[in-house]
Structure formats: C-alpha cells, structure tokens
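Trainee: using only what follows, build the 3D model:
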Amino acid sequence: MFRRIITSVPNFLTCCNLLSGCLACICAFSFDDSIDALGGLNGRQLAWILVGLAAVFDFFDGAAARWLKAPSPLGKELDSLADLVSFGVAPALLLYNILQVWTGSWWIPFVALFIPAMGALRLARFNLDDSQATEFKGLPIPANAIFWIGATAWMQSHGLEWMHAHVYLGNLIVSVVIIGVALLMVSDMRMFSLKLKNFRIGDNLLRYILIFGAVLFVAIWGVEGFAYTIILYFLLSALLLARPAGVGQVK
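Mentor: Numbering: from 1, shown residues only. The predicted model follows:
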C-alpha cells in the first residue's frame, strides 16, 4: 500500500499541473477583470501565475518520479496531456483574448490556436523519440508558454497604441511571430535541456547563463522579461548548431 502511495505522487503533481492549466484557461477569458478577493489581480495576471505554477508542478513531477524511482508509461502520457493544456491551450487562449482587443481584427486572434496544434504535435513526437534525453529537438512547450507570458505582458504595456497606428503591418507581424514560435516547437533545431544533473559549471554553463539572464531581464523589465529569457534560450541553443550532433553535448 505504501509503495502504491509513493508511486502515485508524480501523477498527483502532474494532475496539479493540469488543474493549474485549466484554471489559467478560465482566467484568460476575464483577462482585464479585477478580482478583489485576490488582491485586485486581474484575470491576465492570474493566468500568468497559474501557468507559472503549472511549470513548477511540471518540474517536480519528473523530479519526483526520478527520486522515488517511480517512472511509468502512464505518467509519461499523463504529463504530455497536462502540458498540452497548461503550456499550449492556456497561453493560446490568453493570447486569443488579448488579440481580440489589441488588433481590432476578427481573424488575427484565431491564429493563436496554431500554438496548441503545434504543441500537440511536438509532445507526440517527443514521446516517440528516445534521443531527447540531454537535448531537445525544437522549442520545449513550457518554454513556449513562458515566452507568451512575457509577450502578452509586453503587448499590454507597450503594444496597443502602436498596433492601432499600424494596423496592417501589426497584423502581419503578430501572425508571423505566432506561427514562427509555434513552428519552433516542431523544428529539428537542437536546444539544450534545462535539467540540472549536477552543479558543475562546466556541465551547465549555458544553463547558468540562462538563469542569470532570466533574473536580470525580470529585474529590469518585470514579467515581459520572460519573453527576453526565451529569446536568450533560443540564441544560446543556436550555438549548438555550430557542432555536429552528439559532439560535446551539454549533459
């Protein structure tokens, strides 16, 4: 009985990831409404927090499975389903609702639905590919969600007036960015894993640079700094393209 309880811990954390993502989806449809009971936070901010909370649960469910020696095929599939909701559907719905106001266009918001479509394909490919233990092929779906948290923060703070002044150009740029980021998830570009197996600088140099960059960006720009962090992640991973696959892998 005790062993069954222990082996259920990772799946419990995965379900918490899923529930956080579901709540983020609900909050996305009230993105500008303040909630007094939660300190005046609006739905957009709550969605950001809930997606971030889902990412924490996503990190610890895998860690718990390793620590408790309780990995399972069920847990792997459940994790992908939860990730699709929390890091694919939730940021897409947040983006959809912001674009309803930000673009003044009826069709641009629907481009956001390309994100969960590519996210589902990325997760399905990941589950069938055993070569992504130390590196990823394509942008991980949690990184996609983190980018859109930062991007929607930037849009709310800086983009509305510019968008209304440059409607057609703005619609084109928005569509290209959404489609481009979504396609990164299913690309073959090598991107280093964010998991720390030890704390040695030599084995984790790119990860430490990314962590330092994230702290710096968020300290300077607030929530929108998360978008700059993922751009840095992309640029650091691009360094991997300069070497043959399998040579000098970041472990």
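Trainee: assumed residue 71 was part of a helix.
Mentor: No: looking at residue 71 with DSSP: H, G, I helix; E, B strand; the rest coil, it is coil, so not inside a helix.
Trainee: for it, give me phi and psi.
Mentor: Torsion angles at residue 71 (phi, psi; degrees, to the nearest 10) stand at phi -70, psi 150.
Trainee: helix, strand, or coil at the closest residue to it other than its chain neighbours?
Mentor: Nearest in space to residue 71, with sequence neighbours left out and distances taken as C-beta to C-beta, 6 or more residues apart in numbering, is residue 65 at 4.6 Å. For glycine as for every other residue, the C-beta is placed from the backbone atoms N, C-alpha and C. Look at residue 65: counting by three-state DSSP, its state is helix.
Trainee: what's the burial count for residue 65?
Mentor: 21 (other C-beta atoms under 10 Å).
Trainee: quick one: low-confidence parts of the stretch 101-250 of the chain?
Mentor: The model of the stretch 101-250 of the chain has pLDDT under 70 over residues 133-134, 159-160, 164, 166-167, 196-198, 240-250.
Trainee: quick one, helices of it?
Mentor: 108-111, 114-127, 141-154, 160-165, 167-184, 201-221, 225-238 (DSSP state H, counting those that start in this stretch).
Trainee: tell me the buried residues in the shortest one?
Mentor: This points to helix 108-111. 108-109, 111 (16 or more other C-beta atoms under 10 Å).
Trainee: over to the last one?
Mentor: Within helix 225-238, the residues scored as buried using 16+ other C-beta under 10 Å are 225-230, 232-234, 236-237.
Trainee: what does the fifth one give?
Mentor: When burial is assessed from 16+ other C-beta under 10 Å, helix 167-184 yields the following buried residues: 170-171, 174-175, 178, 181-182, 184.
Trainee: which among the residues you listed gets closest to residue 85?
Mentor: residue 182 (16.1 Å; C-beta to C-beta).
Trainee: measure the closest one to residue 121 for me?
Mentor: 10 Å (C-beta to C-beta, to the nearest Å).
Trainee: same check on residue 130?
Mentor: 18 Å.
Trainee: dump the buried residues of helix 167-184 to JSON lines, plus distance to residue 24.
Mentor: Below are these laid out as JSON lines (distance: C-beta to C-beta, whole Å):
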{"residue": "170", "distance to residue 24": "26"}
{"residue": "171", "distance to residue 24": "26"}
{"residue": "174", "distance to residue 24": "21"}
{"residue": "175", "distance to residue 24": "23"}
{"residue": "178", "distance to residue 24": "18"}
{"residue": "181", "distance to residue 24": "18"}
{"residue": "182", "distance to residue 24": "18"}
{"residue": "184", "distance to residue 24": "21"}
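Trainee: and of those, the nearest to residue 145?
Mentor: residue 181 (10.6 Å).
Trainee: wait, isn't that closest one in contact with residue 143?
Mentor: No: using C-beta atoms under 8 Å, residue 181 makes no contact with residue 143, being 9.6 Å away.
Trainee: could you double-check that residue 150 lies in contact with residue 229?
Mentor: Yes: if you go by C-beta under 8 Å, residue 150 and residue 229 touch, sitting 7.1 Å apart.
Trainee: quick one, longest helix in this structure?
Mentor: helix 2-28 (DSSP state H).
Trainee: buried stuff in it?
Mentor: 7, 9-11, 13-14, 16-25, 27-28.
Trainee: and that helix, average pLDDT?
Mentor: In this model, helix 2-28 carries a mean pLDDT of 88.
Trainee: out of the buried residues of helix 225-238, who's nearest residue 213?
Mentor: Checking those one by one against residue 213 (C-beta to C-beta), the nearest turns out to be residue 232, at 4.6 Å.
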